[in-house]
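[1] Model the following, please.
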Amino acid sequence: MTVTTLSGRELNQDLGRAKRAAKDGPVIITDRGRPAHVLLSFDEYKRLTSKMRTLGDLLAAPGVEDVDLPLPERTEHAQPVDLS
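    Residues are numbered from 1 along each chain as shown. Here you go, the predicted structure:
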């Protein structure tokens, strides 16, 4: 996946370039040098907004590394097993 960055002015001057770039990955559009918008292909948009079906899908989603998931401390302890 290729991430392309264009200024708002570049987007206005060459929309076709932005649309072509969106086929290969997100296009970040900046406003005064700061990221302001993202252009995606419709297929990528549908993929990102579709309902997550499995835990694996959720864990593979972009931005998941920023999610804080507080888990309770484990209170149970493993018991020795007799393998004789």
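[2] what ranges do the helices span in this protein?
    Remark: helices assigned in the chain by DSSP state H are 8-13, 15-22, 42-49, 55-60.
[3] want to try TSV for the ones you listed, with distance to residue 30 as columns?
    Just so you know, the C-beta spots here come from the backbone N, C-alpha and C atoms, and that holds for glycine as well. Below are these laid out as TSV (distance: least, C-beta to C-beta, whole Å):
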stretch	distance to residue 30
helix 8-13	7
helix 15-22	12
helix 42-49	20
helix 55-60	27
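[4] what's the least confident stretch among those?
    Among these, helix 55-60 carries the lowest mean pLDDT, at a mean of 77.
[5] follow-up on the earlier one: any chance of TSV for the helices of the chain, columns mean neighbour count?
    TSV is the format used below for these (neighbours: other C-beta atoms under 10 Å):
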stretch	mean neighbour count
helix 8-13	13
helix 15-22	14
helix 42-49	11
helix 55-60	10
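[6] looking at these, which is closest to residue 78?
    Of all the helices of the chain, helix 55-60 sits nearest to residue 78, with 23.7 Å by C-beta to C-beta.
[7] Pull out the CA atoms of that closest one and give them to me as PDB.
    Output of helix 55-60 as PDB, limited to C-alpha atoms (Å, rounded to 0.1, in the frame of the first residue of the first chain):
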ATOM      1  CA  LEU A  55     -11.500 -10.900  16.700                       C
ATOM      2  CA  GLY A  56      -8.800 -11.300  14.100                       C
ATOM      3  CA  ASP A  57     -10.500  -8.700  11.900                       C
ATOM      4  CA  LEU A  58     -10.700  -6.300  14.800                       C
ATOM      5  CA  LEU A  59      -7.000  -6.800  15.800                       C
ATOM      6  CA  ALA A  60      -6.000  -6.300  12.200                       C
END
